[in-house]
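Chemist: Turn this into a model:
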Amino acid sequence: MTSVSYTFSRDGRKLRTVVWYPKVAGRYPLVLWSHGLHGSPEVYAEIIQKIAVAGFVVAAPAYPGTNDKANPFDGNDVANQPADASAVISEVLKLDAQAGSPLAGKIDTARVGAAGHSAGGYTTAGLLSGKTRDARLKGAVIVSGGALGGKFSGASTPVLFVHGDADATVAYSNGKSLYDSCVWPKGFLTLLGGDHSAALTGKTPAATAVSKTVLDFLRYSLYGDTAAKSRLRGEATVSGVAKYEGNL
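Modeler: Just a heads-up that it's a prediction; the model follows:
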(Lines give C-alpha, C1' and ligand atoms only; values in the text may rest on other atoms or scores of the structure.)
Protein backbone atom coordinates (compact mmCIF):
# COMPACT_ATOMS: atom_id res chain seq x y z
CA MET A 1 0.00 0.00 0.00
CA THR A 2 1.30 3.44 -0.96
CA SER A 3 -0.05 6.94 -1.58
CA VAL A 4 0.15 9.84 -4.00
CA SER A 5 -1.13 13.43 -3.73
CA TYR A 6 -2.95 15.61 -6.25
CA THR A 7 -4.59 19.01 -6.28
CA PHE A 8 -7.85 19.14 -8.22
CA SER A 9 -10.16 22.10 -8.69
CA ARG A 10 -13.90 22.65 -8.97
CA ASP A 11 -15.14 26.16 -9.78
CA GLY A 12 -12.00 27.59 -8.23
CA ARG A 13 -12.23 25.43 -5.12
CA LYS A 14 -8.87 23.73 -4.58
CA LEU A 15 -9.16 20.11 -3.53
CA ARG A 16 -5.90 18.68 -2.26
CA THR A 17 -6.44 14.93 -2.44
CA VAL A 18 -4.39 12.04 -1.12
CA VAL A 19 -4.95 8.70 -2.82
CA TRP A 20 -3.92 5.47 -1.09
CA TYR A 21 -3.78 2.30 -3.20
CA PRO A 22 -2.47 -1.29 -3.10
CA LYS A 23 0.99 -1.89 -4.56
CA VAL A 24 0.01 -5.26 -6.00
CA ALA A 25 -1.00 -5.18 -9.67
CA GLY A 26 -4.70 -5.33 -10.41
CA ARG A 27 -7.80 -3.17 -10.65
CA TYR A 28 -9.49 -2.10 -7.43
CA PRO A 29 -12.77 -0.34 -6.58
CA LEU A 30 -12.55 3.35 -5.72
CA VAL A 31 -13.73 4.64 -2.33
CA LEU A 32 -14.09 8.40 -1.74
CA TRP A 33 -13.34 9.22 1.93
CA SER A 34 -14.67 12.50 3.40
CA HIS A 35 -13.18 14.01 6.57
CA GLY A 36 -14.97 15.73 9.45
CA LEU A 37 -14.76 19.40 10.49
CA HIS A 38 -11.16 20.52 11.10
CA GLY A 39 -10.05 17.20 9.61
CA SER A 40 -7.76 16.16 6.77
CA PRO A 41 -6.86 13.05 4.79
CA GLU A 42 -3.97 12.46 7.17
CA VAL A 43 -6.17 12.58 10.30
CA TYR A 44 -8.01 9.52 8.98
CA ALA A 45 -4.94 7.71 7.65
CA GLU A 46 -5.36 4.74 10.01
CA ILE A 47 -8.82 3.71 8.82
CA ILE A 48 -8.10 4.73 5.22
CA GLN A 49 -5.00 2.56 5.09
CA LYS A 50 -6.94 -0.42 6.43
CA ILE A 51 -9.41 0.03 3.57
CA ALA A 52 -6.64 0.35 0.97
CA VAL A 53 -4.81 -2.74 2.22
CA ALA A 54 -8.08 -4.68 1.93
CA GLY A 55 -8.09 -4.06 -1.82
CA PHE A 56 -9.36 -0.57 -2.58
CA VAL A 57 -8.14 2.70 -4.03
CA VAL A 58 -9.11 5.37 -1.47
CA ALA A 59 -9.23 9.04 -2.48
CA ALA A 60 -9.43 11.52 0.41
CA PRO A 61 -9.88 15.22 -0.40
CA ALA A 62 -9.23 18.10 1.98
CA TYR A 63 -12.35 20.24 1.62
CA PRO A 64 -11.49 23.93 1.21
CA GLY A 65 -13.84 25.39 3.83
CA THR A 66 -13.67 22.76 6.57
CA ASN A 67 -10.22 21.16 6.61
CA ASP A 68 -7.75 21.66 9.45
CA LYS A 69 -5.93 24.45 7.62
CA ALA A 70 -8.97 26.24 6.19
CA ASN A 71 -8.70 30.03 6.46
CA PRO A 72 -11.35 31.19 6.88
CA PHE A 73 -13.01 28.09 8.31
CA ASP A 74 -16.69 27.77 7.38
CA GLY A 75 -18.70 24.88 8.78
CA ASN A 76 -21.62 25.75 6.51
CA ASP A 77 -19.43 24.93 3.52
CA VAL A 78 -20.32 21.28 4.09
CA ALA A 79 -23.26 21.94 1.76
CA ASN A 80 -20.77 22.33 -1.11
CA GLN A 81 -18.85 19.16 -0.31
CA PRO A 82 -20.97 16.53 -2.09
CA ALA A 83 -20.30 18.31 -5.39
CA ASP A 84 -16.60 18.53 -4.46
CA ALA A 85 -16.57 14.81 -3.72
CA SER A 86 -18.17 13.98 -7.07
CA ALA A 87 -15.59 16.14 -8.83
CA VAL A 88 -12.76 14.30 -7.09
CA ILE A 89 -14.28 10.95 -8.06
CA SER A 90 -14.36 12.09 -11.70
CA GLU A 91 -10.75 13.29 -11.65
CA VAL A 92 -9.41 10.16 -9.96
CA LEU A 93 -11.27 7.86 -12.35
CA LYS A 94 -9.57 9.67 -15.25
CA LEU A 95 -6.17 8.71 -13.83
CA ASP A 96 -6.87 5.04 -14.54
CA ALA A 97 -6.50 5.75 -18.27
CA GLN A 98 -3.74 8.37 -18.00
CA ALA A 99 -0.41 7.11 -19.29
CA GLY A 100 2.33 7.50 -16.71
CA SER A 101 -0.07 7.95 -13.80
CA PRO A 102 0.70 5.84 -10.71
CA LEU A 103 -2.99 4.88 -10.86
CA ALA A 104 -2.99 3.85 -14.53
CA GLY A 105 -4.73 0.49 -14.84
CA LYS A 106 -5.36 0.29 -11.08
CA ILE A 107 -9.00 1.42 -10.77
CA ASP A 108 -12.10 -0.63 -11.48
CA THR A 109 -14.02 2.39 -12.75
CA ALA A 110 -17.40 0.64 -12.59
CA ARG A 111 -17.11 0.05 -8.83
CA VAL A 112 -17.27 3.27 -6.81
CA GLY A 113 -18.21 3.81 -3.18
CA ALA A 114 -18.08 6.59 -0.61
CA ALA A 115 -17.50 6.82 3.11
CA GLY A 116 -16.99 9.56 5.66
CA HIS A 117 -17.04 10.60 9.30
CA SER A 118 -19.03 13.38 11.00
CA ALA A 119 -19.29 16.23 8.46
CA GLY A 120 -17.87 13.68 6.05
CA GLY A 121 -20.77 11.41 6.94
CA TYR A 122 -23.15 14.21 6.05
CA THR A 123 -21.20 14.71 2.82
CA THR A 124 -21.61 11.02 2.03
CA ALA A 125 -25.34 11.26 2.67
CA GLY A 126 -25.41 14.20 0.26
CA LEU A 127 -23.88 12.01 -2.44
CA LEU A 128 -26.95 9.76 -2.11
CA SER A 129 -29.55 12.53 -2.00
CA GLY A 130 -31.44 14.99 -4.17
CA LYS A 131 -29.57 17.28 -6.56
CA THR A 132 -26.15 16.08 -5.40
CA ARG A 133 -26.87 12.37 -5.93
CA ASP A 134 -23.89 10.66 -7.55
CA ALA A 135 -25.31 7.80 -9.60
CA ARG A 136 -21.93 6.06 -9.74
CA LEU A 137 -22.02 5.00 -6.10
CA LYS A 138 -22.52 1.28 -5.46
CA GLY A 139 -22.18 1.47 -1.67
CA ALA A 140 -21.76 4.04 1.10
CA VAL A 141 -20.67 4.20 4.74
CA ILE A 142 -21.94 7.00 7.01
CA VAL A 143 -20.02 7.26 10.30
CA SER A 144 -21.42 9.60 12.98
CA GLY A 145 -23.37 11.58 10.40
CA GLY A 146 -26.87 12.48 9.30
CA ALA A 147 -29.00 13.71 6.42
CA LEU A 148 -27.84 16.30 3.88
CA GLY A 149 -29.73 17.31 0.76
CA GLY A 150 -33.04 15.62 1.51
CA LYS A 151 -34.09 12.00 1.13
CA PHE A 152 -31.97 9.35 -0.54
CA SER A 153 -32.78 9.18 -4.24
CA GLY A 154 -31.89 7.28 -7.38
CA ALA A 155 -31.04 3.62 -7.70
CA SER A 156 -31.09 1.42 -4.61
CA THR A 157 -27.62 1.52 -3.01
CA PRO A 158 -26.50 -0.43 0.09
CA VAL A 159 -25.65 1.84 3.04
CA LEU A 160 -23.87 1.08 6.30
CA PHE A 161 -24.37 3.42 9.25
CA VAL A 162 -21.97 3.52 12.22
CA HIS A 163 -22.81 5.64 15.27
CA GLY A 164 -22.05 5.75 18.98
CA ASP A 165 -25.15 5.99 21.15
CA ALA A 166 -23.35 8.43 23.48
CA ASP A 167 -22.14 10.74 20.70
CA ALA A 168 -22.13 14.28 22.12
CA THR A 169 -21.20 15.94 18.81
CA VAL A 170 -23.70 14.47 16.33
CA ALA A 171 -26.69 12.98 18.13
CA TYR A 172 -27.25 9.25 17.71
CA SER A 173 -30.83 10.09 16.71
CA ASN A 174 -29.55 11.95 13.63
CA GLY A 175 -27.97 8.84 12.20
CA LYS A 176 -30.78 6.56 13.35
CA SER A 177 -33.53 8.68 11.79
CA LEU A 178 -31.71 8.66 8.44
CA TYR A 179 -31.29 4.90 8.70
CA ASP A 180 -34.97 4.44 9.56
CA SER A 181 -36.00 6.46 6.47
CA CYS A 182 -33.72 4.49 4.14
CA VAL A 183 -35.63 1.93 2.03
CA TRP A 184 -32.49 0.43 0.48
CA PRO A 185 -30.42 -2.51 1.74
CA LYS A 186 -28.92 -1.18 4.96
CA GLY A 187 -27.15 -1.95 8.19
CA PHE A 188 -26.65 -0.02 11.42
CA LEU A 189 -23.71 -0.63 13.76
CA THR A 190 -24.39 0.90 17.18
CA LEU A 191 -21.38 1.44 19.42
CA LEU A 192 -22.71 1.00 22.96
CA GLY A 193 -21.60 3.96 25.05
CA GLY A 194 -19.59 5.06 22.03
CA ASP A 195 -18.50 8.66 21.51
CA HIS A 196 -18.04 10.62 18.28
CA SER A 197 -14.80 9.29 16.87
CA ALA A 198 -12.61 7.16 19.18
CA ALA A 199 -13.55 3.86 17.52
CA LEU A 200 -12.00 4.93 14.20
CA THR A 201 -8.53 4.42 15.67
CA GLY A 202 -6.73 2.02 17.95
CA LYS A 203 -7.20 -1.65 18.78
CA THR A 204 -10.09 -1.53 21.22
CA PRO A 205 -12.94 -4.04 20.77
CA ALA A 206 -15.09 -1.19 19.42
CA ALA A 207 -12.42 -0.11 16.91
CA THR A 208 -11.99 -3.70 15.77
CA ALA A 209 -15.73 -4.07 15.28
CA VAL A 210 -15.84 -0.86 13.24
CA SER A 211 -12.93 -1.71 10.96
CA LYS A 212 -14.04 -5.30 10.34
CA THR A 213 -17.66 -4.29 9.69
CA VAL A 214 -16.70 -1.45 7.33
CA LEU A 215 -14.34 -3.71 5.39
CA ASP A 216 -16.91 -6.51 5.18
CA PHE A 217 -19.49 -4.02 3.92
CA LEU A 218 -17.19 -2.54 1.28
CA ARG A 219 -16.12 -6.00 0.12
CA TYR A 220 -19.79 -6.96 -0.19
CA SER A 221 -21.10 -3.78 -1.85
CA LEU A 222 -18.19 -3.11 -4.22
CA TYR A 223 -16.85 -6.61 -4.91
CA GLY A 224 -20.05 -8.63 -4.48
CA ASP A 225 -18.17 -10.72 -1.89
CA THR A 226 -20.82 -13.00 -0.39
CA ALA A 227 -18.42 -14.39 2.23
CA ALA A 228 -17.82 -10.86 3.53
CA LYS A 229 -21.55 -10.28 3.64
CA SER A 230 -22.06 -13.43 5.69
CA ARG A 231 -19.37 -12.34 8.18
CA LEU A 232 -20.71 -8.84 8.66
CA ARG A 233 -23.38 -9.39 11.29
CA GLY A 234 -21.16 -11.55 13.46
CA GLU A 235 -18.21 -9.18 13.37
CA ALA A 236 -20.49 -6.22 14.10
CA THR A 237 -21.87 -7.85 17.23
CA VAL A 238 -19.68 -7.65 20.33
CA SER A 239 -21.28 -8.17 23.73
CA GLY A 240 -21.40 -4.94 25.69
CA VAL A 241 -19.56 -3.10 22.92
CA ALA A 242 -21.49 -3.12 19.65
CA LYS A 243 -24.79 -4.30 18.24
CA TYR A 244 -26.04 -4.62 14.69
CA GLU A 245 -29.36 -4.39 12.91
CA GLY A 246 -30.27 -4.34 9.25
CA ASN A 247 -31.26 -6.29 6.18
CA LEU A 248 -27.98 -6.67 4.32
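Chemist: number of nearby residues for the nearest residue to I47 once chain neighbours are set aside?
Modeler: Leaving aside its sequence neighbours, I47 sits nearest to L200 (CB to CB, 6 or more residues apart in numbering; 5.1 Å). Where you see a C-beta, it was placed from the backbone N, CA and C, and this is true even at glycine. L200 has 23 neighbouring residues, counting by other CB atoms under 10 Å.
Chemist: Just confirm L200 contacts A207, I think it does.
Modeler: Yes. Here L200 reaches A207: they are 7.0 Å apart, a contact under CB atoms under 8 Å.
Chemist: And the helices in this protein?
Modeler: All helices of the chain, identified by DSSP state H, fall at 45-53, 81-95, 119-126, 172-181, 205-223, 226-235.
Chemist: for the first one, packing partners?
Modeler: Helix 45-53 makes packing contacts with strand 13-21, strand 28-34, strand 57-62, helix 205-223 when contacts are defined by 3 or more CB pairs under 8 Å, 6 or more residues apart in numbering; DSSP states H and E.
Chemist: What are the buried residues along the longest one?
Modeler: Of all the residues in helix 205-223, those buried under the rule 16 or more other CB atoms under 10 Å are 206-223.
Chemist: Let me know the angle separating that helix from helix 226-235.
Modeler: 160 degrees (axes from the mean of the first three to the mean of the last three CA atoms, to 10 degrees).
Chemist: Quote the end-to-end distance of stretch 150-165.
Modeler: 23 Å (CA to CA, to the nearest Å).
Chemist: Offset the numbering so it begins at 142, please.
Modeler: From this message on, residue numbering opens at 142, which makes the last subject stretch 291-306.
Chemist: roughly how far out does that stretch sit from the chain middle?
Modeler: Centroid separation for stretch 291-306 versus its chain: 11 Å, with CA atoms, centre = their mean, to the nearest Å.
Chemist: what's the answer for stretch 358-375, then?
Modeler: Taking CA atoms, centre = their mean, the mean C-alpha location of stretch 358-375 is offset from the chain mean by 16 Å.
Chemist: pull the longest strand from this protein.
Modeler: The residue-count maximum for a strand in the chain (DSSP state E) belongs to strand 248-258.
Chemist: hmm, back to that, looking at the helices of the chain, which is nearest to D152?
Modeler: helix 222-236 (8.5 Å; CB to CB).
Chemist: Now do the buried residues in the closest one.
Modeler: By neighbour count on 16+ other CB under 10 Å, the buried set for helix 222-236 is 222-230, 232-234, 236.
Chemist: Nearest to the spatial middle of the protein, which residue is it?
Modeler: Centroid-nearest residue in the chain: A256, 0.8 Å away (criterion: CA atoms, centre = their mean).
Chemist: Return the residues in contact with that residue.
Modeler: A256 sits next to V172, L173, W174, S175, I192, T265, A281, V282, I283, V284, V355, L359 when contact means CB atoms under 8 Å, 6 or more residues apart in numbering.
Chemist: Could you measure from the fifth one over to Y169?
Modeler: With the distance defined as CB to CB, to the nearest Å, I192 ends up 10 Å from Y169.
Chemist: For those two, indicate the residue with more neighbours.
Modeler: Set I192 next to Y169 and count neighbours by other CB under 10 Å: I192 wins out with 24 against 21.
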